[in-house]
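Chemist: Pasting a predicted model and its sequence here:
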Amino acid sequence: MTTTVRFAPSPTGYIHIGNARTALFNWLFALKTGGRFLLRYDDTDRLRSKQEYADAIAADLAWLGIRPDATARQSDRFDRYDAVKADLAARGLLYPCYETAEELDFARKRRRSRGLPPIYDRAALKLTADNRAQLEAEGRRPHWRFLLPNFDADPLQPARREVHWNDLCRGPETVDLGSLSDPVLVREDGTYLYTLPSVIDDVDFGITHVIRGEDHVTNTGVQIAIFQALGGHVPAFGHHNLLTDTSGEGLSKRTGALSIRSLREKGLEPEAVAALAVGIGTSHAVEAVSQVADLAGDFDLSAASRSAARFDPADLDHLNARIVHGLPFDRVAPRLQAMGISPDPAFWAAVAGNCATFADAKLWWQVVTGPVTAVGSPDDAEFLKQAKALLPDEPFDGETFKRWTDAIKDATGRKGKALFMPLRQALTGLDHGPEMAALLPLIGRQEAERRLDTTAGS
Ligand code: GLU
């Protein structure tokens, strides 16, 4: 059976770095096993799901280098879900319940006060057809619960019933169905919660491995029971640890925190975002890869640690800078050109190490081509005049700056910072930046003279 995985976001917001981690875990697993990757929009919540978000998710995945082999949306499949719902109901595995939220809350409190676990007591199973007709006549609409297989003969006597699986990330896992309420699969208004459509789709699309966040571990116990009720193949499961922000808070699509979109707009490289999203909170070192697919080599679901991983944007900035510093010229050339920078290997070699994001190249291009705003002390005016007079003839090369500064040193007696800083400030308008030896040939003699003049005030 071909490995088939899916990434199943609800299009209710922009995906964040934690969602990207799930997508990448699936994508890399598919790459590594020669499998298929399905993008499935879990859009059964029609009010909160938006096309705009679905499009944004596809665009963000593409930016990360993820190319789905197929795309599906749950809102296209309601007929199929309705058919399965009817079948489960006919088999007594899905049953109508009429309690209101307040009634359920009250029942939970009562059970707690009697020292019982606050799970649903299956009272609705005791309703007769007449009772139901009467409730409906009062205007109540049923919600539907799945009857968990956690009893021998009498569902009103639930017992411990363990579901086991060997989790691809966490190792052996157990969920006791006897400790859970029968899950609501269909709401009062007829809409589906995520639980059932997800299993139906996983069966219909031949999903072999479900890789998702560990917030779904309990769902997996329930869903395995649903897979079995549907007679479907039960996939393998892997639940990876979740990411939190630096304060330990979970990430939420709703707040837009650390959305892929915002990281992209910040000018970060997709390789940096992907490498950190995948490597953080695992036993593997985070690698500065040159393409996202390279992460597949070492990828191992069992390397994810058991505890949540803190995502620090500062780590991302550092990794991004490392990746940008190492970008080879052939990959950079078209990007420079797109920013209006003439693609000169010497320029990239000079400035790459000073770009925290690729967009910083634009600042250095401005420094090279000018105009630059003079900084520095008027006390250096005389010194700069002398320096200007000593500028070597063209052509300039990598040695020119040294020859020039040696000559200035001999003539003025200045050395160290007193020698170099006024020159840097005059030539670049800054007191830090790439090696002057590399910048000077790019600036050229004529422009260097002009800048030395301006700063010297002549
Ligand atoms: N839509 C679900 C979520 O975003 C999918 C979970 C799953 O992968 O099964 O949490």
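Modeler: Received the coordinates, thanks. Numbering: from 1, shown residues only.
Chemist: Relative to Ala124, how far out is Pro155?
Modeler: 11 Å (Cβ to Cβ, to the nearest Å). No exception for glycine: its C-beta is placed from N, CA and C like everyone else's.
Chemist: those strands in the stretch 201-350 of the chain, which residues are they?
Modeler: 209-213, 236-240, 243-244, 309-310 (DSSP state E, counting those that start in this stretch).
Chemist: Including mean pLDDT, could those go into a markdown table?
Modeler: What follows is the strands of the stretch 201-350 of the chain, written out as a markdown table (pLDDT from 0 to 100):
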| stretch | mean pLDDT |
| --- | --- |
| strand 209-213 | 98 |
| strand 236-240 | 97 |
| strand 243-244 | 90 |
| strand 309-310 | 91 |
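Chemist: Now render these as TSV, adding mean neighbour count and distance to the ligand.
Modeler: TSV is the format used below for the strands of the stretch 201-350 of the chain (neighbours: other Cβ atoms under 10 Å; distance: least, Cβ to the nearest ligand atom, whole Å):
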stretch	mean neighbour count	distance to the ligand
strand 209-213	22	4
strand 236-240	22	9
strand 243-244	20	14
strand 309-310	17	18
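Chemist: Can you read off the pLDDT for the nearest residue to Arg160 once chain neighbours are set aside?
Modeler: For Arg160, ignoring the flanking residues on the chain, the nearest one in space by Cβ to Cβ, 6 or more residues apart in numbering is Gly178 at 4.3 Å. The model reports Gly178 with a pLDDT of 96.
Chemist: now do the one 3 residues further on
Modeler: Predicted confidence (pLDDT) at Ser181: the value is 97.
Chemist: ditto for Thr255
Modeler: 66.
Chemist: The one 4 residues further on now?
Modeler: We note a pLDDT of 93 for Ser259 in this prediction.
Chemist: Please list all residues in contact with it.
Modeler: Counting by Cβ atoms under 8 Å, 6 or more residues apart in numbering, Ser259 makes contact with Gly13, Tyr14, Ile15, His16, Lys253.
Chemist: Apply 10 Å and report the result again.
Modeler: Going by Cβ atoms under 10 Å, 6 or more residues apart in numbering, Ser259 touches Gly13, Tyr14, Ile15, His16, Ile17, Asn19, Ala20, Ala56, Asp60, Leu251, Lys253, Glu265.
Chemist: What about those, which are in helices?
Modeler: When DSSP state H is applied, these are split such that Ile17, Asn19, Ala20, Ala56, Asp60, Glu265 fall in helices.
Chemist: Find the nearest non-adjacent residue to the first one, please.
Modeler: Distances taken as Cβ to Cβ, 6+ apart place Leu258 nearest to Ile17, at 4.7 Å, with adjacent residues excluded.
Chemist: Please tell me how far Asp298 sits from Lys32.
Modeler: For Asp298 relative to Lys32 (Cβ to Cβ), the value is 10 Å.
Chemist: and what of Thr220?
Modeler: Using Cβ to Cβ, Thr220 is found at 22 Å from Lys32.
Chemist: sorry, back to before: quick one: the residue nearest to Ile17 and Asp315 touch, right?
Modeler: No - using Cβ atoms under 10 Å, Leu258 is not in contact with Asp315; the gap is 12.0 Å.
Chemist: Could you check which of the two is surrounded by more residues?
Modeler: Using other Cβ atoms under 10 Å, the more surrounded residue of Leu258 and Asp315 is Leu258, with 24 against 16.
Chemist: for the more buried one, what are its contacts?
Modeler: 14-20, 243, 245, 251-252, 273, 277, 311, 313, 316.
Chemist: Going through those residues, which ones are buried?
Modeler: Using 16 or more other Cβ atoms under 10 Å as the burial test, these include 14-20, 243, 245, 251, 273, 277, 311, 313, 316 as buried.
Chemist: min pLDDT across those residues, which one?
Modeler: Minimum pLDDT across the buried ones among the contacts of Leu258 falls on Leu251, with 84.
Chemist: Alright, that wraps it up for me.
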